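K.L.:
model the following, please.
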Amino acid sequence: MIAQLRRHGFTLIELLVVIAIIAILIGLLLPAVQKVRDAAARSQCSNNLKQIALAAQNYQGALNTLPPGFNPNSYVGSLAYLLPFLEQQNIYNLVPQYLFNPNVNNGQWWLYNSSWTAATYHIKAFECPADGSLYNATQGTFAFMTENGYTLNAGYFPGSAASIGLGATDYIASAGALGNVSASGDTFYGQWVGPFYQGSSVSIVTITDGTSNTLMFGESLGGTNRGTRDFNLAWMGAGCLPTAWDLIDPCQWYSFGSNHTAIVQFAYCDGSVRMLRKIGPSTPWFSSQWYAFMAASGMQDGYVVDFSQIE
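P.N.:
Residues are numbered from 1 along each chain as shown. The predicted model follows:
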């Protein structure tokens, strides 16, 4: 007797059913994978902010003051002052030390080859992993950005971020509503002065609203987070940003913002990190939410922060 073997294959309908099932499974799996990625990015970003806040506290411990929000002579921003406290002493040493002295005017940091070289380093603690477009900016890199009372001063090198080659950051210090406009007699916006502003020398002990109630550093992309990335911000010149425009979404170069879904992360002066809600495309001027955000950004305003309005 001759044995016969038959090979059974899939019919076209069976194959289509299998493909459809696989597609459904992939469709169910991708959102879960994306959520895991988002959570991992938020966690790493939170860790970055905590490192920066702790570095600022260690700076305070060593020098009895927080670093200046911005050096108006050299245009060096607050993050650069923290390099030795972030295990980046070698990069810090490349910068001529007189550029850190707010009382010495020897020109802007980008005029010196050694400080330019330092500024080209990519520092992981300054980069949020959710910002995949950080080095894809097409219109330019901000060499400096800082509050200046009722205006925001910034200057940029035009061109693609890749061609300019400066290390960028997603974090910047909080200046409060509009910086130290109280010095000019503004009793409204001036009540919400943050711990960093141009030429500031603030001690943590003067933060009378409480370190757990006062914003210290937050996320900022230095540009918009929708469509093609326009600008990014060099960490060397990242000064301090006003909070008055709130957490608009899409964020802009003049506002705090992030590529996280629905939230922007901030480090507080006690070293804690919390997530605050984005609020839509326009600033909700003088709303209860806006006042709560201003109260969190001010260090001596005396307001009780209603966190339910902003978290």
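K.L.:
tell me the spacing between W192 and E147.
P.N.:
In this structure, W192 and E147 are 12 Å apart, going by C-beta to C-beta, to the nearest Å. Yep, even glycine has a C-beta here, placed from its N, CA and C like the rest.
K.L.:
any common contacting residues for these two?
P.N.:
Common contacts of W192 and E147 (C-beta atoms under 8 Å, 6 or more residues apart in numbering): L178.
K.L.:
tell me the pLDDT at the nearest residue to Y92 once chain neighbours are set aside?
P.N.:
Closest residue to Y92 apart from its sequence neighbours, by C-beta to C-beta, 6 or more residues apart in numbering: L83 at 3.8 Å. On pLDDT, L83 comes in at 98.
K.L.:
neighbours of L83, how many?
P.N.:
25 (other C-beta atoms under 10 Å).
K.L.:
ditto for G155
P.N.:
13.
K.L.:
quick one, phi/psi of it?
P.N.:
phi -140, psi 140 (degrees, to the nearest 10).
K.L.:
I figured it hits T146, correct?
P.N.:
No: counting by C-beta atoms under 8 Å, G155 sits too far from T146 to count as a contact (10.2 Å).
K.L.:
list the residues that contact L99.
P.N.:
Contacts of L99 (C-beta under 8 Å, 6+ apart): N71, S74, V76, N106, W109, Y112, S115.
K.L.:
and which of those residues is nearest P129?
P.N.:
V76 (25.7 Å; C-beta to C-beta).
K.L.:
state the distance from the closest one to A40.
P.N.:
32 Å.
K.L.:
so between those two, which is more surrounded?
P.N.:
Taking neighbours as other C-beta under 10 Å, V76 and A40 compare with V76 leading, 27 against 12.
K.L.:
distance of the more buried one from A296?
P.N.:
27 Å.
K.L.:
ok, G132 next?
P.N.:
Taken as C-beta to C-beta, the span from G132 to A296 is 28 Å.
K.L.:
all strands for the stretch 151-300 of the chain, in order.
P.N.:
Using DSSP state E, counting those that start in this stretch, the strands found in the stretch 151-300 of the chain span residues 151-158, 168-169, 171-174, 215-219, 231-234, 240-241, 263-268, 273-277.
K.L.:
okay, the first one in PDB with CA atoms only?
P.N.:
As requested, C-alpha coordinates have been extracted for strand 151-158 and formatted as PDB (Å, rounded to 0.1, in the frame of the first residue of the first chain):
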ATOM      1  CA  THR A 151      10.100  92.300  27.900                       C
ATOM      2  CA  LEU A 152      11.900  89.100  27.200                       C
ATOM      3  CA  ASN A 153      15.400  89.500  25.700                       C
ATOM      4  CA  ALA A 154      16.800  86.900  23.400                       C
ATOM      5  CA  GLY A 155      19.300  86.700  20.600                       C
ATOM      6  CA  TYR A 156      19.800  83.800  18.200                       C
ATOM      7  CA  PHE A 157      22.200  82.400  15.600                       C
ATOM      8  CA  PRO A 158      20.100  81.800  12.500                       C
END
